[in-house]
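Participant: okay, structure incoming, though there's no sequence with it:
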């Protein structure tokens, strides 16, 4: 059946020849009988306008969707036959965002160097009872992918259920992707609560880094002072939204009520309830403490929201410091270079820090400048650190 439908997808098909044939058929129709051809086109136009206007709730399927699918499969298979070359390397990121709306800043920075250039996968690990995890995971897949599309993020959402977070990340590192279209770089946030975490949590965090290296992944750890997690802010927003809906429903109930306003009416009841509530307020000291705590929490949430959108804005003139202290494959230099090619980061300049010998600072600097020039990487300055291999002195 698919072979009959998509016969034009073979190697003998050419869209321009098909177009020429269609135009030729139309011309022959007019040559044979011009008024019959006009009637035919008028009927076709009427049917098209009728169906477009009525918009019947019928799903006839999409031939273009099926064609995209077949082309995607063919392209993925063709990629497997092409030899990899270092010049074609591009960062394909597996980003541990959890739900993408919870850590938008982490997604934004990864999207900055994968947009139109590489693969970006937002990954989430569900831990707990397997049945509940799978149910929750399956119910949210479409919603989270739709959020990515709505926010114009060229990324895929993937989730796994596992006994532990580290086991889930291992599964993602091994099984994500298709053929050559598979992640090669792990991106996640810097652990913020070191002092409040258990030894097992810290060990799992460090273990994920070692697992990524074992599976030959590059690792990018992103850190901002406020942190990435917006789950607390989103919970507050959901609660406020729920309270607003309840308030509107209550106002509608009062408005539509047939009782007259008075002591025995609904509004009188709420007036008395309000007076009763006011007479039983909490002590002033406890109220002031809760108010101050709420103010601090509100300020923290506001700063967190501002930090979560910082990578969506155009970055001003500044510098991107690259500490290329060891030859680790060049990923640490490639990512900043890709960022400077983006419209939001084009005003930022690269400043390179690298190690060298104290007796050969100028030679090392010229050597590094020559290397960067070969790769056509523009830089503002190069700093050679001569005492990188020396132990720190007690005076400092």
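Facilitator: Ah, there it is. A quick note: this is a predicted structure, and the numbers were derived from the prediction, not measured.
Participant: make it CA atoms for all contacts and neighbour counts henceforth
Facilitator: OK.
Participant: burial of the residue nearest to residue 331 when sequence neighbours are not counted, as a residue count?
Facilitator: Spatial nearest neighbour of residue 331, excluding adjacent residues (Cα to Cα, 6 or more residues apart in numbering): residue 218 at 7.4 Å. Neighbours of residue 218 under the rule other Cα atoms under 10 Å: 20.
Participant: right, and residue 218 touches residue 183 too?
Facilitator: No - using Cα atoms under 8 Å as the test, residue 218 is too far from residue 183 to be in contact (9.5 Å).
Participant: so residue 113, which state does it fall into?
Facilitator: helix (DSSP: H, G, I helix; E, B strand; the rest coil).
Participant: residue 351 too?
Facilitator: strand.
Participant: part of a helix, is residue 157?
Facilitator: No - per three-state DSSP, residue 157 lies outside any helix segment and is strand.
Participant: ignoring the adjacent residues along the chain, who's closest to it?
Facilitator: residue 122 (4.8 Å).
Participant: circling back: show me what contacts the residue nearest to residue 331?
Facilitator: For residue 218, the contact set (Cα atoms under 8 Å, 6 or more residues apart in numbering) comprises 184, 185, 186, 212, 331.
Participant: how about these, which pair is most distant?
Facilitator: Greatest spatial distance among these (Cα to Cα): 212 and 331, at 14.4 Å.
Participant: find the nearest non-adjacent residue to residue 170, please.
Facilitator: Distance criterion Cα to Cα, 6+ apart; nearest residue to residue 170, sequence neighbours excluded, is residue 211 at 7.0 Å.
Participant: and whichever strand or helix holds the one you found, what other elements does it pack with?
Facilitator: Here residue 211, judged by DSSP states H and E, is contained in helix 199-214. In terms of contacts (3 or more Cα pairs under 8 Å, 6 or more residues apart in numbering; DSSP states H and E), helix 199-214 is packed against helix 165-175, strand 218-222.
Participant: could I get those in CSV, plus columns for distance to residue 55?
Facilitator: Below are the helices and strands packed on helix 199-214 laid out as CSV (distance: least, Cα to Cα, whole Å):
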stretch, distance to residue 55
helix 165-175, 42
strand 218-222, 48
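Participant: closest to residue 243 out of the ones you listed?
Facilitator: Of the helices and strands packed on helix 199-214, nearest to residue 243 by Cα to Cα is helix 165-175, at 34.0 Å.
Participant: go through stretch 161-168 and flag the buried ones.
Facilitator: 161, 162, 165, 166, 167, 168 (16 or more other Cα atoms under 10 Å).
Participant: and of these, the nearest to residue 373?
Facilitator: Using Cα to Cα, residue 166 is the member of the buried residues of stretch 161-168 that lies nearest residue 373, at 40.8 Å.
Participant: show me where the stretch 251-396 of the chain has helices.
Facilitator: Assigned by DSSP state H, counting those that start in this stretch, the stretch 251-396 of the chain shows helices spanning 266-279, 284-308, 331-341, 361-374.
Participant: among the ones you listed, which gets the worst mean confidence?
Facilitator: Here the lowest mean pLDDT among the helices of the stretch 251-396 of the chain goes to helix 266-279, at a mean of 47.
Participant: could you list the low-pLDDT ranges of this structure?
Facilitator: Applying pLDDT under 70 to the chain flags residues 1-11, 58-63, 234, 237, 256-301, 304-305, 307, 395-396.
Participant: how is it partitioned into domains?
Facilitator: Domain assignment for the chain by automatic domain parsing gives 2-60, 87-222, 236-308, 318-385.
Participant: mind giving me TSV with the ones you listed and columns for distance to residue 75?
Facilitator: What follows is the domains of the chain, written out as TSV (distance: least, Cα to Cα, whole Å):
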stretch	distance to residue 75
domain 2-60	13
domain 87-222	10
domain 236-308	36
domain 318-385	25
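Participant: looking at the ones you listed, which is buried most?
Facilitator: When the domains of the chain are scored by mean count of other Cα atoms under 10 Å, the highest mean neighbour count falls to domain 87-222 (a mean of 17).
Participant: endpoints of it, how far apart?
Facilitator: One end of domain 87-222 sits 26 Å from the other (Cα to Cα, to the nearest Å).
Participant: that domain: how far from the chain's middle?
Facilitator: 10 Å (Cα atoms, centre = their mean, to the nearest Å).
Participant: from here on, call the first residue 32.
Facilitator: Got it, the first residue is 32 from now on, which makes the last one we talked about domain 118-253.
Participant: distance of the residue nearest to residue 362 from residue 124?
Facilitator: 9 Å.
Participant: between those two, what contacts are shared?
Facilitator: 215, 216, 217.
Participant: would you reformat those as CSV and include secondary structure?
Facilitator: Shown next, in CSV, are these (three-state DSSP):
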residue, secondary structure
215, coil
216, strand
217, strand
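Participant: tell me the one among these nearest to residue 373.
Facilitator: residue 216 (19.5 Å).
Participant: identify the bridge partners of that closest one.
Facilitator: Beta-bridge pairing of residue 216 under DSSP bridges involves residue 124, residue 249.
Participant: wait, it touches residue 123, no?
Facilitator: Yes - counting by Cα under 8 Å, residue 216 does reach residue 123; the two are 5.9 Å apart.
Participant: which SS class is residue 274?
Facilitator: The three-state label given to residue 274 by three-state DSSP is helix.
Participant: apart from its chain neighbours, what residue comes closest to residue 150?
Facilitator: Per Cα to Cα, 6+ apart, closest to residue 150 is residue 123, 4.4 Å.
Participant: distance of that neighbour relative to residue 99?
Facilitator: 22 Å.
Participant: quick check: which element contains residue 70?
Facilitator: Per DSSP H and E: helix 65-85 holds residue 70.
Participant: that helix: what's the following helix or strand?
Facilitator: helix 94-111.
Participant: so how far is that next one from its chain's centroid?
Facilitator: The answer for helix 94-111 is 24 Å, by Cα atoms, centre = their mean.
Participant: same check on stretch 72-81?
Facilitator: Using Cα atoms, centre = their mean, the distance between the centre of stretch 72-81 and that of its chain works out at 43 Å.
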